[in-house]
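A.B. asks: Below are the sequence and a predicted model; questions follow.
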Amino acid sequence: MSETAGGGETGRPREPRTWPPDPAGPPTQAPAEEAGPADRAGRGPAEPVAAADEAGEDIAAKVAELEDRWRRALADLDNYRKRTVRALDEERDAERARTAAQWLPVLDNLERALEHADAEPGAVIQGVRAVLDQARDVIARLGYPRQDDVGVPFDPFRHEAVSTLAGTDAPEGTVVGVALPGYGEGPRQLRPAQVVVAKGRSDGPAS
């Protein structure tokens with residue numbers, strides 16, 4: 001007959017018991033090594049380093065490109081400045097040449113007048129006057145007409161008073177004489193006319 005004890009199963013052989021019990025207990029399975037963040041993500045640790053290197057190379061390339069553009073822009077700006085300065089110098093030279101060319105006939109006529117200095121004095125004077133008229137015409141065509149009007153009100157923007165004259169019939173503040181003519185007017189004035197201005201009458205005490 002099979003023996004039953006304490007509600008145990010019948011027909012199952014019992015495991016042998018040892019005494020005293022093994023203090024180490026039954027062997028246990030070593031725990032698996034905990035997976036790191038890189039392993040949990042499904043990629044090795046070398047991949048982030050490679051990505052960082054690639055990003056650094058891209059940034060370095062962009063910086064190099066920007067530096068190249070900056071250098072090119074500086075070079076273009078410097079070339080533009082040089083071209084502008086050269087163009088202004090050429091324009092000034094051309095303007096001086098045009099101005100000088102207008103005075104050549106005046107110089108020619110002055111030389112002719114000197115060649116005939118021993119001739120009749122009246123003819124020489126007439127020639128000098130003709131040269132003077134020609135010079136006035138040249139400077140007027142350059143934009144600086146002669147200013148020598150008399151009988152006009154004194155204008156501090158056009159005139160420079162060098163003296164006053166009392167006892168005239170002209171109203172006070174009127175230009176009654178021109179000591180030196182002016183040339184040009186407004187912002188293109190070369191010099192103001194030096195004039196004599198009428199002064200108000202100063203009546204003496206009644207006799």
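C.D. replies: That came through fine.

A.B. asks: For the protein, which residues score under the pLDDT cut-off?
C.D. replies: 1-47, 49, 201-207 (pLDDT under 70).

A.B. asks: change it to 50
C.D. replies: Scanning the chain for pLDDT under 50 picks out 1-9, 30, 38, 41, 204-207.

A.B. asks: mind listing the helices for it?
C.D. replies: Secondary structure of the chain (DSSP state H): helices at 37-40, 46-115, 121-141.

A.B. asks: Using a markdown table, please lay out the ones you listed together with distance to Ala166.
C.D. replies: (Glycine included, C-beta is placed from N, CA and C.) Formatted as a markdown table, the helices of the chain follow (distance: least, CB to CB, whole Å):
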| stretch | distance to Ala166 |
| --- | --- |
| helix 37-40 | 109 |
| helix 46-115 | 40 |
| helix 121-141 | 32 |
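
A.B. asks: hey, which of the ones you listed is tucked in deepest?
C.D. replies: Burial of the helices of the chain is given as mean neighbour count (mean count of other CB atoms under 10 Å); helix 121-141 ranks first at a mean of 14.

A.B. asks: for that helix, packing partners?
C.D. replies: On a contact count with 3 or more CB pairs under 8 Å, 6 or more residues apart in numbering; DSSP states H and E, helix 121-141 meets helix 46-115, strand 146-147.

A.B. asks: Same list (those) but as JSON lines, adding distance to Ala179.
C.D. replies: Formatted as JSON lines, the helices and strands packed on helix 121-141 follow (distance: least, CB to CB, whole Å):
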{"stretch": "helix 46-115", "distance to Ala179": "24"}
{"stretch": "strand 146-147", "distance to Ala179": "13"}
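
A.B. asks: residue contacts, Val195?
C.D. replies: Phe154, His159, Glu160, Ala161, Val162, Val175, Gly177, Val178, Ala179 (CB atoms under 8 Å, 6 or more residues apart in numbering).

A.B. asks: just checking, the fourth one touches Phe154?
C.D. replies: What that stands for is Ala161. Yes: assessed by CB atoms under 8 Å, Ala161 is found in contact with Phe154 at 6.5 Å.

A.B. asks: Check the contact lists of the two and give me the overlap.
C.D. replies: Residues touching both Ala161 and Phe154 (CB under 8 Å, 6+ apart) are Val195, Val197.
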